[in-house]
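**Student:** Need coordinates for the following:
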Amino acid sequence: MRARVSFTAAGVRCAGYLYLPAGSEPVPCLVLCHGFSGTMDRLFDYAERFAAAGFAALVFDYRGFGESDGEPRQLPDVDGQLADVRAAMAFARRHERVDPDRVLLWGNSLGGAHAITVAADDPRIAGVVAQIPFNGFPKKVEGRKTADTLRLLGAILWDALRGKLGLTPYYIPMVGRPGELAVTATPEADQHIQSLTGGQETLWRNSIAPRGLLQMMRYRPADAAARLACPLLVCVAADDRETPLETTRPLADRAPQGEVRSYPGTHFTFYTDPSFRDRVVADQLDFCRRTSAQV
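**Tutor:** So this is what the prediction gives:
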């Protein structure tokens, strides 16, 4: 069963969907957090799989994205998104079909960093799954020239200045081809866009206010990982260029109860390959069953 829901985070309405398994008794729940420019519809398949396995699953859009309220649109605001995740956790715990002491956080990419950060300050969280999580930008991005990096930095600073002046954002594409001004510029740009839309109707937009990258430059989820009281599962891709293994593995290494699962593929294989996802979700379900049973 899927029901459309909403909750308020610091005065902003966030929209979501709650997936429930059959039955009437309280069950463990996963709160799913999407990535940097994502929208919750990219997580519907995960939520369906978790609900079919007996878990409740809550997906939602951060403020300014997808179906949620908030202005300006398409602006990743770390502090605001962390408030959204905490509000989503509180909403899940209040639901009659959710066991409030068996709620887990699941996050993809930047959402993985948020899941770890929120869980570090909430000892009631039963466990965290961080899939291809953000843990700082790589020192060098393969295929990006110095001139391209400088153009991106210029766009970030110009957008930040416009924000301070109360002007509308200076939007740039999230995904573009090499040489184009975009957050991610790769030869596989068209393939990456296809993976983010799934070839279906979606609220995802290839547009982002780049000032959000300034906050991410100061974001340190590994510090939060060291304070986790619950188990942490980090799922990584061996050939990931966006959140490479050398930046994501320290999250599990620093967590007192951290573990890593590495899979052959890239950052976008998690979005595009159904058989690959079968394997990943099976491992995540095993982790969630073990951790929720320990509570």
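**Student:** out of all of them, which strand in the protein is the longest?
**Tutor:** Under DSSP state E, the strand in the chain containing the largest number of residues is strand 98-108.
**Student:** what's next to the helix or strand just after it, contact-wise?
**Tutor:** Once strand 98-108 ends, the next helix or strand along the chain (criterion: DSSP states H and E) is helix 110-120. Helix 110-120 is contacted from outside by 32-36, 38, 76, 78, 81-82, 85-86, 89, 105-107, 125, 128-135, 216, 219, 221, 224-225, 227-228, 230, 232, 234, 251, 255, using CB atoms under 8 Å, 6 or more residues apart in numbering. C-beta here means a position set from N, CA and C on the backbone, and glycine is covered the same way.
**Student:** again, only this time at 6 Å
**Tutor:** By CB atoms under 6 Å, 6 or more residues apart in numbering, the surrounding residues in contact with helix 110-120 are 33-36, 81-82, 85-86, 105, 107, 125, 128, 130-131, 133-134, 221, 224-225, 227-228.
**Student:** next one: stretch 203-222
**Tutor:** 37, 39, 66, 74-76, 78, 113, 116-117, 135, 155-156, 159-160, 163, 169, 171-175, 196-197, 250-251, 254.
**Student:** so of the residues you listed, which ones are in helices?
**Tutor:** 78, 113, 116-117, 155-156, 159-160, 163, 196-197, 250-251, 254 (DSSP state H).
**Student:** Now pLDDT too, for the residues you listed, in JSON lines please.
**Tutor:** As requested, the ones in helices among the contacts of stretch 203-222 are exported to JSON lines (pLDDT from 0 to 100):
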{"residue": "Val78", "pLDDT": "97"}
{"residue": "Ala113", "pLDDT": "98"}
{"residue": "Ile116", "pLDDT": "98"}
{"residue": "Thr117", "pLDDT": "98"}
{"residue": "Ala155", "pLDDT": "98"}
{"residue": "Ile156", "pLDDT": "97"}
{"residue": "Asp159", "pLDDT": "98"}
{"residue": "Ala160", "pLDDT": "97"}
{"residue": "Gly163", "pLDDT": "97"}
{"residue": "Leu196", "pLDDT": "67"}
{"residue": "Thr197", "pLDDT": "65"}
{"residue": "Pro250", "pLDDT": "94"}
{"residue": "Leu251", "pLDDT": "97"}
{"residue": "Arg254", "pLDDT": "97"}
